[in-house]
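**Q** Here is my input; please provide its structure:
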Amino acid sequence: MSKVQVPKTTTIGIDVAKAHLDVAVSERKEVRNFSNDPPGHADIVAWIKSNKIRPSVICMEATGGYEKNLAAALQTQGFPVAVVNPKRARDYAKGIGLLAKTDKVDARMLARFAVTVVRDGDLERYLLRPHDEQREWLTALVTRRRQLVTMRSAEWQRLEQTPLKLRSSIETSIKTLRVQISDFDARIRQYISAYYPAINQLLQSASGIGPQSSAILIGALPELGELNRRKIAALVGTAPFAKDSGHSKGRRFIKGGRFEIRRMLYMATLSAARYNPVIKAFYERLRAAGKFPKVALVACMRKLLTILNAMVRDGKLWNPSKGPKTDAASEQQRGDISANSGKNSLTSSKKFDLETQKKTPTRGPTHRERRAVDNPGWLTGQACPVNRPVC
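**A** As a prediction, the model looks like this:
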């Protein structure tokens, strides 16, 4: 039997550590080691070019930021770079039976994973966006502000349990953090006004989205306005996923995504569910339908994200008239439907009765019902007659 000819796909896998890098090519067994610093990055580029390697993609794992400078250096030289979730890469290794884990093994595994992604035609979802210094700086400002807010909250919690003689130290720390947070607020506002005034105006036109929410969306979600509603919801982590197997129908759940965006979106939706007429009407409709509060809130998060995505895509400000129909409009629509269906209501009801009779099988009395008929006192807890020991 002749072997199936599979076109060769050349990829490079790089295992990233703090001090060094292990580089593997999909068609070779050799694994090269380089230092994780600018000279080492230059050596990798020179090695790829000297060996005339033309990779379809260079794949590496997200490693707490240690991969960022390398990815930027490779992108500058025109190489396509993919940064994947370490858990996803590890799950792939387990799926192909690769249980060992070393730096060299991981580098080969990443090269093999990249080959699979390229052949499946799924490369676009993994490719790293072009290096954008402006957006990265904005993300750094927003991240540092969030860290300061977290530190201030921790100091507030310690203040209550601290002896009176030591509280002045914590109060001084809180004041210092408050000043720094105000300083970062001003720097973020100035930076957005200088580089992203249009998209900031679009986002803040929606009730529930303030300056900090807008800054997080601009910095940490550059795909906003470029993806469809399903992909943007899955990217953020607000898309419901099924968990069904055979006859078992599990509850839908959300998982993964960018937690910074999802956390911000949750707080924004709490405000929008009270003061944004579109989101408020949607939330109340879901609650009236019997949905749990958190389920309804997550659905509102997804709806708010979808609307913001469409606003950025179309370049339009928030328009409340595009929201759900009002109660009057809904009643009018239901009235029109009832009027149009009134002619066939009798026929439909007869058909429904016939179908119900066909589908609903007849059954005899249950054991509990038979016992109640034979001995009425059984249900009330009275003793059974002597001549009926079967009770």
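**Q** separation between the spatially most central residue of the chain and Arg167?
**A** With distances taken as C-alpha atoms, centre = their mean, Gly237 lies nearest the centre of the chain, 1.1 Å away. Distance of Gly237 to Arg167, computed by C-beta to C-beta, to the nearest Å: 40 Å. (Glycine included, C-beta is placed from N, CA and C.)
**Q** Find the nearest non-adjacent residue to the residue nearest to the centre of the chain, please.
**A** Using C-beta to C-beta, 6 or more residues apart in numbering and skipping the chain neighbours, the partner closest in space to Gly237 is Gly257 (1.9 Å).
**Q** just Leu128 next, same as before
**A** Val81 (4.6 Å).
**Q** For the one you found, give me its contacts.
**A** Listed by C-beta atoms under 8 Å, 6 or more residues apart in numbering, the contact partners of Val81 are Val57, Ile58, Cys59, Met60, Ala71, Leu74, Gln75, Leu127, Leu128.
**Q** picking up where we left off before, report the separation between the residue nearest to the centre of the chain and Leu305.
**A** Taking C-beta to C-beta, one finds Gly237 at 10 Å from Leu305.
**Q** Also Ala206?
**A** Using C-beta to C-beta, one gets 11 Å for the distance from Ala206 to Leu305.
**Q** And for Lys316?
**A** 16 Å.
**Q** So for the two, which residue has more residues nearby?
**A** More neighbours surround Leu305 than the other of Lys316 and Leu305, with 25 against 12 (other C-beta atoms under 10 Å).
**Q** mind showing which ranges of the stretch 1-150 of the chain have poor pLDDT?
**A** 1-7 (pLDDT under 70).
**Q** Do you have the strands of it handy? List them.
**A** 12-16, 20-25, 31-35, 58-61, 81-84 (DSSP state E, counting those that start in this stretch).
**Q** Take those and lay them out in a markdown table including distance to Thr269.
**A** A markdown table is the format used below for the strands of the stretch 1-150 of the chain (distance: least, C-beta to C-beta, whole Å):
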| stretch | distance to Thr269 |
| --- | --- |
| strand 12-16 | 36 |
| strand 20-25 | 41 |
| strand 31-35 | 46 |
| strand 58-61 | 32 |
| strand 81-84 | 29 |
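**Q** Select, out of these, the one closest to Ala111.
**A** Smallest distance to Ala111 across the strands of the stretch 1-150 of the chain (C-beta to C-beta): 3.3 Å, for strand 12-16.
**Q** Between strand 31-35 and the closest one, find me the angle.
**A** 50 degrees (axes from the mean of the first three to the mean of the last three C-alpha atoms, to 10 degrees).
**Q** Numbering from 72 from now on, please.
**A** In the new count, where the first residue is 72, that last one comes out as strand 83-87.
**Q** in the stretch 272-421 of the chain, which segments are predicted with low confidence?
**A** For the stretch 272-421 of the chain, the ranges with pLDDT under 70 are 392-421.
**Q** how about 90 then?
**A** 278-279, 298, 305-306, 309-331, 387, 389-421 (pLDDT under 90).
**Q** Just the helices from it, written as ranges.
**A** Here the stretch 272-421 of the chain has its helices, by DSSP state H, counting those that start in this stretch, at 282-291, 300-307, 330-346, 348-359, 364-385, 398-412, 416-430.
**Q** Give me the distance between Ala211 and Lys139.
**A** In this view, Ala211 and Lys139 are 11 Å apart by C-beta to C-beta.
**Q** Name the residue in those two with the higher neighbour count.
**A** For Ala211 versus Lys139, neighbours defined as other C-beta under 10 Å are more numerous around Lys139 (16 against 11).
**Q** Contacts only, for Gln251.
**A** Leu219 are the contacts of Gln251 under C-beta under 8 Å, 6+ apart.
**Q** for Gln232, same thing?
**A** Gln232 neighbours (C-beta under 8 Å, 6+ apart): none.
**Q** what about the residue nearest to Ala143 when sequence neighbours are not counted, how many residues close to it?
**A** With C-beta to C-beta, 6+ apart as the criterion, Ala143 has its nearest non-adjacent residue at 4.7 Å, and that residue is His202. Neighbours of His202 under the rule other C-beta under 10 Å: 15.
**Q** contacting residues around Val186?
**A** Val186 makes contact with Thr80, Thr82, Ser97 under the criterion C-beta under 8 Å, 6+ apart.
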